[in-house]
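Participant: Mind folding the following:
(one chain, ligands or ions: 1)
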Amino acid sequence: MAREDEKVLDACLRAGIAIPFSCRDGVCHNCLCVAVSGEIPEAAQRGLSEVQIAQSMFLPCRCVATQDMEILPAQAVKLFTETIVQGKALLSQEMCKLLLEPTLISACVQGEFINLRAPDQSVQSLRIMNQPAEDYFLEVHVQHSAHDSFSDWVFDVLQVDQSLFMQGPFLLQQSVVAAPSITPRAKYPPTDLLLWAALQGGKLLAVILQDFYSRVYQDPLLSPYFHGTTMQRSIEKVYSFMQRVCTGEDTFFGEQPKNSHHWMVISDDIYRHRSALMLSCQQRAGLSPEMSKRWFAIEDYYKHDIVKSVAIPRQLDGVDLPLEGYGDMVLDAGSICDGCGRVIEVGEHVRYHVRLGTLYCTACKGD
Ligand code: FES
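Facilitator: Numbering: from 1, shown residues only. All right, here's what the predicted structure looks like:
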């Protein structure tokens, strides 16, 4: 029990609780702790980063408690601690929802990330989907991926009431680098339902994409990449892709960015130019800076598949396809024949150049 006007650090030391400290004046941050419950006075977070504040960290040497507080050393968020599975449900064949016993509950906020560790030591970073402090459980969604031992374990082995190890939360995905991950990169980044809500369930997304592509098709640097593809096709593809990434729903049946951009040589400058154009469209539509950041986090997830100095082969089931020559496919969205210029309808068979991406209707040979 702290005395009147007594700092939390002093109260702990008086009670024999060893908290590291040095300056006793909010400078060295040696005493940094996490409040698991109880209100943190503003003065106790002065000088901390946004990330630390969002994680309910505070400096006990500057904190006079205004109510009961339950506290832990800050290093606790860096440790893997045991949690229990309270619920498990399949949202689709590829997506499993887990409800976890709360750990560091007051430090967990929707949109942050936690790491979960399977018994084979594989680790996966997952976004917190709910408001844990309100629900008193943590909800995360695990995407099933081929050759991913973690998701295999979650889907096939993990049971309700079973324990597993959790680390975090982390405000930003980059913070997660502290945790060694030996799992291959997932096909899609973590879902982002908050971004989808900010995009008004797709309404605002459609407005932004319409604005963006009307500018892209006029842009001398970007328009060559869309030669032979109608603007409507480009918009539909990106719309369904964003919907798939944000919601986890099976709405996208096109190719992954690595394949769809395989023939394009896109420099960092072009990528930056395109991002700046996209940002201006998001701002015109009134998307907040925080949501723009989340949108670009999705785009950056694929950046290394897109920015390159030479064309790379398209892959099918892990096998490289030739860089030259033609392939056949059935169109999943309307386009224009590069041979005769006529509109090719959805469902028509076309030939396409594997490197250039040019399309030809059945009446044109294309070579
Ligand atoms: S002891 Fe230095 S910041 Fe608290």
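
Participant: Am I right that residue 159 sits in a helix?
Facilitator: No: assignment of residue 159 by DSSP: H, G, I helix; E, B strand; the rest coil gives coil, placing it outside any helix.

Participant: wait, isn't it in contact with residue 86?
Facilitator: No: with contact defined as Cβ atoms under 8 Å, residue 159 does not count as touching residue 86 (11.4 Å). Heads up, the C-betas are built off the backbone N, CA and C, glycines and all.

Participant: Give me the more crowded residue out of the two.
Facilitator: residue 86 (16 against 7; other Cβ atoms under 10 Å).

Participant: So which bits of stretch 60-76 are buried?
Facilitator: Applying a neighbour-count criterion of 16 or more other Cβ atoms under 10 Å, the buried positions in stretch 60-76 are 60-65, 69, 71-74, 76.

Participant: try stretch 156-167
Facilitator: Those would be 158, 164-167, for stretch 156-167 by 16+ other Cβ under 10 Å.

Participant: re earlier: just the buried residues of stretch 60-76 now: which is nearest the ligand?
Facilitator: The ligand lies nearest to residue 61 out of these, by Cβ to the nearest ligand atom, at 3.2 Å.

Participant: what about stretch 234-251, average pLDDT?
Facilitator: Stretch 234-251 shows a mean pLDDT of 84.

Participant: how about that stretch as CSV, C-alpha atoms only?
Facilitator: This file holds the C-alpha atoms of stretch 234-251, laid out as CSV (Å, rounded to 0.1, in the frame of the first residue of the first chain):
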residue,chain,number,x,y,z
SER,A,234,-7.5,-2.9,-63.0
ILE,A,235,-10.0,-1.5,-60.5
GLU,A,236,-11.9,-4.7,-60.1
LYS,A,237,-8.7,-6.7,-59.5
VAL,A,238,-7.3,-4.4,-56.9
TYR,A,239,-10.7,-4.0,-55.2
SER,A,240,-11.2,-7.7,-54.8
PHE,A,241,-7.5,-8.1,-53.7
MET,A,242,-7.8,-5.5,-51.0
GLN,A,243,-11.1,-7.0,-49.9
ARG,A,244,-9.5,-10.4,-49.6
VAL,A,245,-6.5,-9.0,-47.6
CYS,A,246,-8.6,-6.8,-45.3
THR,A,247,-11.4,-9.2,-44.5
GLY,A,248,-9.8,-12.7,-45.0
GLU,A,249,-12.9,-13.6,-47.2
ASP,A,250,-12.4,-15.6,-50.3
THR,A,251,-13.0,-12.7,-52.8
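
Participant: Number the chain from 18, please
Facilitator: I'll keep to 18 as the first residue from here, and by that count the last item is stretch 251-268.

Participant: Check the offset of it from the chain's centre.
Facilitator: The chain centre lies 14 Å from the centre of stretch 251-268; the measure is Cα atoms, centre = their mean, to the nearest Å.

Participant: in it, what counts as buried?
Facilitator: Taking 16+ other Cβ under 10 Å as the criterion, stretch 251-268 shows 251-265 as buried.

Participant: Where strands are concerned, which of these count?
Facilitator: Among the buried residues of stretch 251-268, no residue falls in strands (DSSP state E).

Participant: Closest one to residue 241 out of the residues you listed, please.
Facilitator: Using Cβ to Cβ, residue 251 is the member of the buried residues of stretch 251-268 that lies nearest residue 241, at 13.4 Å.

Participant: Hmm, residue 239 and that closest one touching each other?
Facilitator: No: using Cβ under 8 Å as the test, residue 251 is too far from residue 239 to be in contact (10.7 Å).

Participant: which neighbours do those two share?
Facilitator: Contact with both residue 251 and residue 239 is made by residues residue 233, according to Cβ atoms under 8 Å, 6 or more residues apart in numbering.

Participant: rewinding a little: right, and the pair among the buried residues of stretch 77-93 with maximum separation?
Facilitator: Longest span within the buried residues of stretch 77-93, Cβ to Cβ: 81 and 93, 22.5 Å.

Participant: picking up where we left off before, just send the buried residues of stretch 77-93 back as a markdown table, with distance to residue 69, secondary structure and pLDDT too.
Facilitator: Shown next, in a markdown table, are the buried residues of stretch 77-93 (distance: Cβ to Cβ, whole Å; DSSP: H, G, I helix; E, B strand; the rest coil; pLDDT from 0 to 100):
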| residue | distance to residue 69 | secondary structure | pLDDT |
| --- | --- | --- | --- |
| 77 | 14 | helix | 91 |
| 78 | 15 | helix | 92 |
| 79 | 13 | helix | 92 |
| 80 | 14 | coil | 92 |
| 81 | 19 | coil | 92 |
| 82 | 18 | coil | 90 |
| 86 | 16 | coil | 84 |
| 88 | 14 | strand | 80 |
| 89 | 14 | strand | 76 |
| 90 | 13 | strand | 72 |
| 91 | 8 | helix | 73 |
| 93 | 13 | helix | 62 |
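
Participant: closest to residue 303 among those?
Facilitator: Closest approach to residue 303 among those (Cβ to Cβ): residue 91, at 37.2 Å.

Participant: Settle this for me: residue 88 is touching residue 57, isn't it.
Facilitator: No: if you go by Cβ under 8 Å, residue 88 and residue 57 don't touch, sitting 9.6 Å apart.
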